[in-house]
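Visitor: Here is my input; please provide its structure:
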Amino acid sequence: MSESAGETSYDLVIIGAGPTGLFAAYYAGFRGLSMAVVDSLPEAGGQVTAMYPEKMIYDVGGFAEIRGRDLVQGLLDQAAPWKPVYLLGRQAEKLESVEGGVTVTLDGGQVLRAGAVLITAGIGEFTPRPLPAGDGWLGRGMVHFVPALQAHAGQHVVVVGGGDSAFDWVLALHPVAASVTLVHRRARFRAAESIVRQARELGARIVTDAEVTRFIDRAGALAEVEIQVKGAEPEVLPADSVVAALGFTADLGPIESWGLQIDHRAIAVDSTMLTARERVYAAGDVASYPGKVKLIATGFGEAATAVNNIAVVLDPDAHLFPGHSSNAE
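Guide: Just a heads-up that it's a prediction; the model follows:
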């Protein structure tokens, strides 16, 4: 890392601090590269931290199961010896090619100069779909995600939605909450049948063909919600908190204007993870090629592929394969 007037220089700038980006930070350090990691979210971990930190993940090699937040912490610990610079809550707005590298301009005007850029932005910026009745209640009893289960300990919780995330929250909150009720506006669910069955077996109340129509406060705090079940009288449920798990919309934001080959929010790459622009690479869910399978495990491999190829671009005398990390002193 070096600094000059108006610029901070790194060997590599990683855009996206989800699991793929964090593993890329580790691998960049292993290859002796300095790096900065940029993410528009205020915490590292990407979708895992924002959407399902308490959910168990079963397809990460070496772990029969691992909680989302524990996976993120492990990745941060793995990268820590190489001292990545984290620029969180910052958006990468502009990318320009310069002699011998690339510059990335962040919101606020900060300029990062790098030998290469690796985009690990996942699905991009995601915005939760709103719950109309909850207008004005976000942060006052309504949330879209549950970063800490204990924040809802002993509460009456109403989860709104019918997808996997909604049922994930039902299963995760059931052991700690006073009660959990799921409200879904249709009779059928988008969630996998197995997870719906788990929720029913736990005894969670599931109300279908129903909508939350009103939030009711008492002494300035959320106390109840009114729901309208199709063909029935309105019903009032106790509710200390509401989890609006209605899905989200996503887009790549400024990345779409960077001259890359993009289709359906995915960036085309070759076998080295190089995009259509010199010294700009992509890995993880944001990267696309024939036969791509979107898994965290896939992103880890793509991150290593990208970083090793970047190392050779930055130093043509370097070896593409650096040897096994287990051989390092």
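Visitor: contacts, neighbours, all on C-alpha from now
Guide: Noted.
Visitor: Report how many residues lie close to the nearest residue to residue 270 once chain neighbours are set aside.
Guide: Leaving aside its chain neighbours, residue 270 sits nearest to residue 289 (7.0 Å; criterion: Cα to Cα, 6 or more residues apart in numbering). Residue 289 has 13 neighbours, counted by other Cα atoms under 10 Å.
Visitor: again with residue 296
Guide: For residue 296, using other Cα under 10 Å, the count is 18.
Visitor: The residue nearest to residue 270: what's it in contact with?
Guide: 268-270 (Cα atoms under 8 Å, 6 or more residues apart in numbering).
Visitor: and the gap between it and residue 312?
Guide: Counting by Cα to Cα, to the nearest Å, the gap from residue 289 to residue 312 is 22 Å.
Visitor: and what of residue 187?
Guide: Counting by Cα to Cα - residue 187 and residue 312 are separated by 56 Å.
Visitor: quick one, which of these two is more surrounded?
Guide: residue 312 (14 against 10).
Visitor: who's in contact with the helix or strand in which residue 11 is found?
Guide: Here residue 11 sits within strand 7-15, counting by DSSP states H and E. Here strand 7-15 makes contact (Cα under 8 Å, 6+ apart) with 1-3, 21, 24-25, 28, 33-39, 92, 110-121, 314.
Visitor: same question, stretch 152-169
Guide: 52, 55, 146, 170, 173, 176-186, 188-192, 195-196, 199, 212, 238-247.
Visitor: Residue 179: neighbour count?
Guide: 21.
Visitor: Now it: phi and psi?
Guide: phi -160, psi 150 (degrees, to the nearest 10).
Visitor: if I look at it, how far off is residue 259?
Guide: 50 Å.
Visitor: that older thread, tabulate the CA atom coordinates of whatever helix or strand comes next after the strand holding residue 11 in CSV.
Guide: Sequence-wise, the next helix or strand downstream of strand 7-15 (DSSP H and E) is helix 19-30. Taking Å, rounded to 0.1, in the frame of the first residue of the first chain, the C-alpha atoms of helix 19-30 are listed here in CSV:
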residue,chain,number,x,y,z
PRO,A,19,-17.5,-14.8,1.7
THR,A,20,-15.8,-14.8,-1.8
GLY,A,21,-14.3,-11.3,-1.2
LEU,A,22,-13.1,-12.2,2.2
PHE,A,23,-11.4,-15.4,1.0
ALA,A,24,-9.9,-13.4,-1.9
ALA,A,25,-8.4,-11.0,0.8
TYR,A,26,-6.8,-14.0,2.5
TYR,A,27,-5.4,-15.4,-0.7
ALA,A,28,-4.1,-12.0,-1.9
GLY,A,29,-2.2,-11.8,1.4
PHE,A,30,-0.9,-15.3,0.9
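Visitor: now the angle from the following helix or strand past helix 19-30 to strand 7-15?
Guide: Per DSSP H and E, the first helix or strand lying C-terminal to helix 19-30 is strand 35-39. Inter-element angle recorded for strand 35-39 and strand 7-15: 60 degrees (by axes from the mean of the first three to the mean of the last three Cα atoms, to 10 degrees).
Visitor: Strand 35-39 packs against which elements?
Guide: Judged by 3 or more Cα pairs under 8 Å, 6 or more residues apart in numbering; DSSP states H and E, strand 35-39 is in contact with strand 7-15, helix 19-30, strand 85-88.
Visitor: That one: partners in the sheet, and parallel or antiparallel?
Guide: Partner strands and pairing direction for strand 35-39 (DSSP bridges) are strand 7-15 (parallel), strand 85-88 (parallel).
Visitor: Could you dump those strands into JSON lines and include distance to residue 131?
Guide: Converted to JSON lines, these look like this (distance: least, Cα to Cα, whole Å):
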{"stretch": "strand 7-15", "distance to residue 131": "30"}
{"stretch": "strand 85-88", "distance to residue 131": "28"}
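Visitor: wait, doesn't residue 243 sit right on residue 143?
Guide: Yes: contact criterion Cα atoms under 8 Å: residue 243 and residue 143 qualify, at 5.1 Å.
Visitor: Neighbour count: those two, which is higher?
Guide: Set side by side, residue 243 and residue 143 show more neighbours around residue 243, with 22 against 18, by other Cα under 10 Å.
Visitor: what kind of secondary structure is that one in?
Guide: strand (DSSP: H, G, I helix; E, B strand; the rest coil).
Visitor: now the closest residue to it other than its chain neighbours: how far from residue 135?
Guide: The spatially closest residue to residue 243, leaving aside those adjacent along the chain, is residue 159, at 4.7 Å (Cα to Cα, 6+ apart). Plainly put, residue 159 is 16 Å away from residue 135 if you go by Cα to Cα.
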